[in-house]
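Novice: Kindly generate the corresponding structure for this input.
(one chain, ligands or ions: 1)
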Amino acid sequence: MEVIILSDKEEAGRFAADAIEALVVAKPEAVLGLATGSSPLPIYDELARRHAEEGLDFSRTRGFALDEYVGLPAGHPESYWEVLQREFTSRVGIDPSRVSAPNGSAEDIATACAEYEAQIVAAGGIDLQILGIGTDGHIGFNEPVSSLASRTRIKTLTEQTRQDNARFFGSLGEVPHHVVTQGLGTIMDARHLVMIATGAGKASAVKAAVEGPVAAICPASVLQFHPHVTFLVDEAAASGLSLGGYYRHTWNNKPSWQKL
Ligand code: F6R
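Specialist: Alright, predicted model coming up:
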């Protein structure tokens, strides 16, 4: 696990964008795992800028959303498929046919989840998965005590997560209770995991994920088992870390040949 402490969310966004640019240049048909929420927005803004100003080409890339709400009507502005189109894929020229999200409106959710897993495998697996972290330590919508081996399935949101996400909806009452999310096992299959966490509200979740015991009470702690995880955190999100000095020292002395 690499922990890089950066000055602000824009710098974190540029670092993640560097990793994604390097991947897409080396492998134009790369498969990206796409998070929603506010954390990845600086990444999407930076990639949209590079696409517009520098011609960074995403036309052959494929995208898979991490999660989706259950029960929002098609076209709802807060459905994660819509959010991804609006915030990222339409801005970088990825055709909607190349973007998939779990189907939160399926009549048979269990079958739809199994099909989603199969689609990811058929695409060759996810090369780089962007992640944010919930204040309760969730990744995707794998809430506390999710199985560390879970696959894509329906989950019930905690009230804390519903309250955190109410800012995207008109009121708390409009936030769905259920979601379909890639499981922790699904996320762990991606080849590179890039977590972006910014703001003081994420400090205790980041501390538990990076330096706590691996335990289902903090789902993000499972990332400690992944061979290639990059945590991009701003000063505020890093403020609870015990080994902050070591992470800075490691970054300052990183061999020049070693990439993110
Ligand atoms: C969203 C997702 C969630 C968010 C997390 C943090 O696709 O998977 O895990 O990353 O809830 O949300 P923000 O970034 O809005 O604080």
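Novice: interface residues of the stretch 101-250 of the chain facing the ligand?
Specialist: When proximity is defined by Cβ under 6 Å from any ligand atom, the stretch 101-250 of the chain lies next to the ligand at G132, I133, G134, H138, I139, G140, F141. To be clear about C-beta, it is placed using only N, CA and C from the backbone, and glycine gets the same treatment.
Novice: Spatially nearest residue to the first one, not counting backbone neighbours?
Specialist: Read it as G132. Excluding its sequence neighbours, the residue lying closest to G132 (Cβ to Cβ, 6 or more residues apart in numbering) is S39, at 3.4 Å.
Novice: Does E10 belong to a helix, a strand or coil?
Specialist: Three-state assignment for E10 (DSSP: H, G, I helix; E, B strand; the rest coil): helix.
Novice: Excluding covalently adjacent residues, which one is nearest to it?
Specialist: Nearest to E10 is P42, by Cβ to Cβ, 6+ apart, at 5.4 Å.
Novice: Am I right that that neighbour is in contact with I196?
Specialist: Yes: the pair P42 / I196 is scored as a contact, 7.5 Å apart, by Cβ atoms under 8 Å.
Novice: The residue nearest to E10: helix or strand, and which one exactly?
Specialist: If you go by DSSP states H and E, P42 is part of helix 41-54.
Novice: Could you name the helices and strands sitting against that helix?
Specialist: Packing partners of helix 41-54 (3 or more Cβ pairs under 8 Å, 6 or more residues apart in numbering; DSSP states H and E): helix 9-26, helix 90-92.
Novice: Let me see the mean pLDDT of it.
Specialist: For helix 41-54, mean pLDDT is 98.
Novice: got it, and stretch 102-116?
Specialist: The average pLDDT within stretch 102-116 is 97.
Novice: what's the answer for stretch 176-190, then?
Specialist: For stretch 176-190, the mean per-residue pLDDT is 98.
Novice: If you count neighbours, what's buried in that stretch?
Specialist: Neighbour counts over stretch 176-190 (16 or more other Cβ atoms under 10 Å) mark 176, 179-190 as buried.
Novice: Keep only those of the residues you listed that are in strands.
Specialist: Secondary structure from DSSP state E places V179, V180, T181 of those in strands.
Novice: give me the beta-bridge partners of the last one?
Specialist: The one in question is T181. According to DSSP bridges, the residues that bridge with T181 are D67, R153.
Novice: Enumerate every residue touching it.
Specialist: For T181, the contacting residues are L66, D67, E68, P102, G140, F141, N142, T152, R153, K155, by Cβ atoms under 8 Å, 6 or more residues apart in numbering.
Novice: and which of these is nearest to V210?
Specialist: N142 (16.9 Å; Cβ to Cβ).
Novice: Tell me who's in contact with the closest one.
Specialist: By Cβ under 8 Å, 6+ apart, the contact set of N142 is S150, K155, T181, G183, L184, I187, P219.
Novice: Need the max-distance pair from these.
Specialist: Across those, the longest distance by Cβ to Cβ is 13.2 Å; it joins K155 and I187.
Novice: List the contacts of the residue in the stretch 101-250 of the chain that the ligand sits nearest to.
Specialist: As assessed by Cβ to the nearest ligand atom, the ligand sits closest to G132 within the stretch 101-250 of the chain, at 2.5 Å. G132 sits next to A35, G37, S38, S39, P40, I139, M195, I196, A197 when contact means Cβ under 8 Å, 6+ apart.
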